[in-house]
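Peer 1: Quick check, what structure comes out for this input:
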Amino acid sequence: MAIALFHFHHLLSSKKVTALRALSKELGLRGVYKRGYPGLLFVFSDEVEEVRRFVKKVKAMRWQSCTLCGGGIREEHGVVGFSEGKGIEEVEAVRDVVRAAGREEEGWVKNGLGLGRGDGR
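Peer 2: As a prediction, the model looks like this:
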């Protein structure tokens, strides 16, 4: 399993959101995104190569700012308790992105977003 976390200056364009949703479904990824300032995108898959392909395609899009957080793709890490299916779902707040990552990856997501130590203390 592999996970990836993106931070965008903003995520406002409906065309970009539609493209991200279609790409995530095409590659069999699951995850969440947050529109607005900042824009966030958290994705995961059992297939590491699919996450790599997704990252490459997202980074090739035109963005004011697009950062792959947490040192890049995190391999051999997973997300438990996430709904079945494919694609990404919209969430309202940064805390929802952190929650979507699950207890096991919460610290990594917080650190990747610069939200403190992320170690639960």
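Peer 1: Nearest residue to the middle of the chain?
Peer 2: Central residue of the chain (CA atoms, centre = their mean): Phe42, 1.3 Å from the mean position.
Peer 1: where's that residue, which helix or strand?
Peer 2: Assigned by DSSP states H and E, Phe42 belongs to strand 39-45.
Peer 1: Can you tell me which helices and strands that strand packs against?
Peer 2: Judged by 3 or more CB pairs under 8 Å, 6 or more residues apart in numbering; DSSP states H and E, strand 39-45 is in contact with strand 2-8, strand 30-34, helix 48-60, helix 94-112. C-beta here means a position set from N, CA and C on the backbone, and glycine is covered the same way.
Peer 1: From Gly71, how far out is Ser13?
Peer 2: 27 Å (CB to CB, to the nearest Å).
Peer 1: Now do the residue nearest to Lys86 when sequence neighbours are not counted against Tyr33, distance only.
Peer 2: Setting aside the residues directly before and after it, Lys86 is nearest to Lys25 in space (CB to CB, 6 or more residues apart in numbering), at 4.9 Å. Distance of Lys25 to Tyr33, computed by CB to CB: 13 Å.
Peer 1: Mind checking which of these two has more residues around it?
Peer 2: More crowded of Lys25 and Tyr33, by other CB atoms under 10 Å: Tyr33, with 23 against 14.
Peer 1: Quick check: bridge partners of the more buried one?
Peer 2: Note on Tyr33: beta-bridge partners by DSSP bridges are Leu41, Glu90.
Peer 1: these two touch, right, it and Gly39?
Peer 2: Yes: proximity of Tyr33 to Gly39 meets the contact threshold set by CB atoms under 8 Å, at 7.2 Å.
Peer 1: Nice, that's everything, thank you.
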